[in-house]
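Asker: Build me a model from this:
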Amino acid sequence: MSSDFPSPFQSGHGVLTTLSCYANAIRSFLNWIMNNASCGAPLEKGEYNTKLHIISIFVLFSFSLLGSMVPVLSSYLMCLRRSRKFIEFVNSFGFGVIIATTFVHIIPPAFIALNDPCLELRYNSIAMVIIVITIFIMQLLETELMIAMTEHAEKHSDFTSFDDPPLLMPKGNDIDSSRNINGIGHIEQAHISADSAALRKKISVALFEIGIAVHSVIIGVELGVTDGSTFTTLWIALCFHQFFEGIAVGTSAVSAFSGLRASVGTSVIYSLTTPLGIVIGILVSSSYSPTSPSSLWVRGTMEAIAGGILVYAGIVELMTYQCTINAEFHAKSKSKRIAHYMSFYLGAIVMICIGYFN
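Answerer: Below you'll find the predicted structure:
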């Protein structure tokens, strides 16, 4: 009995079609094997120089500390105090460093890690989702912390309420006393506003420091597991990276803290983050796999979180509060504002160039 549906082998065209289907299936299977063969595989080890890696810990600590202490010591060292205007331009340079670091050094690695084929994710914007969520959390944290701490400061204020006049007051002094009372009220309000501004700066610097710390630990781990000639290139690039990033950290600390101890503490904490990452990298270098799903998730998520923190800190805290709506900046002459803009752009250009070699 013959079938109503002809077999593909009854014609040459059918044979070619069938063989083509089989060939495509085999090719797809082999491609899948090749693409996933490296997932989770440890790094191919070249010449790993442990001694050189240990030296890099102290070198990067020194570069980080040097960069972050320049703004901090600018008010205490005579040679730097005389160059106050130069230090102001260094501060603007640091703002540009942070913006470029965020968009060139932090966010792209997050996208690369979370879009790696080894994760087999169908959604390719997970890094951006994490960044957006982080920005929202940053705004929520800063706002609510500001409200809570301001209310706490008002409750424990040393100022006495002068809303109600005293019961016994000479009539002739009514107007003058009223003026004095209102004047004291304005002083109290100004005092609270100044405290709120100082508090906001401290909160923003703390959140900013967290973002920088996360990023610094990650790049330290990457340097710690790198070997061969790639290590030397990355090491040199990170020395410049940490120095200029340190200038931005020191600038932020000086703007938020009036005491030397707090600013120095911020600089030291920043300087320790990359060496900490290098130590971790050295310890896991023998088994570290950059393509394992767990490594990709951790690295990509942490970089995305750091990116979100620094996007918020860089655009809101640095660009907006320090320049866009800053009356002191507006009062500068046009030539000085242009010089600050140029310093800002130069800082960004430097980090972009470092990103090319990194």
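Asker: Settle this for me: residue 109 is touching residue 299, isn't it.
Answerer: Yes. Assessed by C-beta atoms under 8 Å, residue 109 is found in contact with residue 299 at 7.3 Å. Quick note: C-beta positions are derived from backbone N, CA and C, even for glycine.
Asker: what about the strand or helix carrying residue 54, average pLDDT?
Answerer: In this structure, residue 54 is located in helix 50-73 according to DSSP states H and E. Helix 50-73 shows a mean pLDDT of 92.
Asker: From the contact counts, what lies against that helix?
Answerer: Applying 3 or more C-beta pairs under 8 Å, 6 or more residues apart in numbering; DSSP states H and E, one finds that helix 50-73 makes contact with helix 84-100, helix 174-225, helix 228-256, helix 260-284.
Asker: what's the distance between residue 255 and residue 311?
Answerer: 19 Å (C-beta to C-beta, to the nearest Å).
Asker: Please apply the same query to residue 280.
Answerer: For residue 280, the distance to residue 311 equals 26 Å [C-beta to C-beta].
Asker: if we can go back for a sec, what about residue 255 and residue 311, which has more around it?
Answerer: residue 311 (22 against 19; other C-beta atoms under 10 Å).
Asker: show me where pLDDT drops low in the stretch 101-250 of the chain?
Answerer: By pLDDT under 70, the low-scoring segments of the stretch 101-250 of the chain are 156-197.
Asker: In terms of helices and strands, where is the residue nearest to residue 199 when sequence neighbours are not counted?
Answerer: Counting by C-beta to C-beta, 6 or more residues apart in numbering, residue 199 lies nearest to residue 149, which is 5.6 Å off, once chain neighbours are set aside. Assigned by DSSP H and E, residue 149 belongs to helix 126-155.
Asker: could you say what helices and strands that helix packs with?
Answerer: Secondary-structure packing of helix 126-155 (3+ C-beta pairs under 8 Å, 6+ apart): helix 107-114, helix 174-225, helix 293-312.
Asker: Flag every buried residue along the shortest one.
Answerer: It stands for helix 107-114. By 16 or more other C-beta atoms under 10 Å, the buried positions in helix 107-114 come out as 107, 109-111, 113-114.
Asker: Kindly present the residues you listed as TSV, with separate columns for distance to residue 225.
Answerer: Below are the buried residues of helix 107-114 laid out as TSV (distance: C-beta to C-beta, whole Å):
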residue	distance to residue 225
107	22
109	14
110	18
111	21
113	14
114	19
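Asker: Among those, which one lies nearest to residue 94?
Answerer: residue 107 (19.1 Å; C-beta to C-beta).
Asker: Relative to residue 311, how far out is the closest one?
Answerer: 8 Å.
Asker: do residue 91 as well
Answerer: Remark: distance between residue 91 and residue 311 (C-beta to C-beta) = 20 Å.
Asker: that older thread, kindly export the helix holding residue 54 (C-alpha atoms) in CSV.
Answerer: Provided in CSV are the C-alpha atoms of helix 50-73 (Å, rounded to 0.1, in the frame of the first residue of the first chain):
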residue,chain,number,x,y,z
THR,A,50,53.6,36.0,43.8
LYS,A,51,56.3,38.4,44.9
LEU,A,52,55.4,41.0,42.3
HIS,A,53,51.7,40.7,43.4
ILE,A,54,52.6,41.3,47.0
ILE,A,55,54.7,44.4,46.0
SER,A,56,51.7,45.7,44.1
ILE,A,57,49.7,45.7,47.3
PHE,A,58,51.9,48.3,48.9
VAL,A,59,52.4,50.3,45.7
LEU,A,60,48.7,50.7,45.0
PHE,A,61,48.1,51.6,48.7
SER,A,62,50.7,54.3,48.4
PHE,A,63,49.2,55.8,45.1
SER,A,64,45.7,55.7,46.6
LEU,A,65,46.8,57.3,49.8
LEU,A,66,48.8,60.0,48.0
GLY,A,67,46.0,61.0,45.7
SER,A,68,43.4,61.1,48.4
MET,A,69,45.5,63.0,50.9
VAL,A,70,46.4,65.9,48.5
PRO,A,71,43.0,67.6,49.0
VAL,A,72,42.9,66.7,52.7
LEU,A,73,46.3,68.3,53.5
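Asker: That'll do, ta.
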